[in-house]
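Student: quick one: sequence plus predicted model below, questions after.
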Amino acid sequence: MWYRFDDKKKLLSLTLYIQPGAKRTEVAGLHGEALKIRIAAPPVDGAANEALLDFLKKAFGVPGSSVTLKHGASGRSKVVEIQSPAVSPEALLK
């Protein structure tokens, strides 16, 4: 499963596979046990990570401070936590 939700903490944990340097930022579907997201920003100086967190903040309807990159800052596989998301993770696949 590509996400976990802790009801007590209201914390959503996402396992992601990122493709930086894409034509546009979008959800590309599942990639094994991760959600694949294409990011339009290049993987230089943290630009792709910043664009990813901005995309997720908008997608889940939360402020930027509620989205945290927990693992994978320098790789394509990442774990991101979102505090009190306003949208279900399944909505990203629609």
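Tutor: Yes, it's here. None of the values given here were measured: they were computed from a predicted structure. Residues are numbered from 1 along each chain as shown.

Student: what's the neighbour count on Trp2?
Tutor: By other CB atoms under 10 Å, 18 other residues sit near Trp2. Where C-beta positions appear, they are placed from N, C-alpha and C, glycine not excepted.

Student: for it, what are its contacts?
Tutor: 14-16, 30, 33-35, 89 (CB atoms under 8 Å, 6 or more residues apart in numbering).

Student: would you list the phi and psi of it?
Tutor: Torsion angles at Trp2 (phi, psi; degrees, to the nearest 10) stand at phi -90, psi 0.

Student: what pLDDT is listed against Ile39?
Tutor: Looking at Ile39, its pLDDT is 98.

Student: can you tell me who it pairs with across the strands?
Tutor: Under DSSP bridges, the beta-bridge partners of Ile39 are Pro20.

Student: list the residues that contact it.
Tutor: Ile39 neighbours (CB under 8 Å, 6+ apart): 18-22, 25, 48, 51-52, 55.

Student: please, a PyMOL command that selects the buried ones among the residues you listed?
Tutor: In PyMOL, a selection of the buried entries from these looks like this (16 or more other CB atoms under 10 Å):
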select buried, resi 18+20+22+25+48+51+52+55
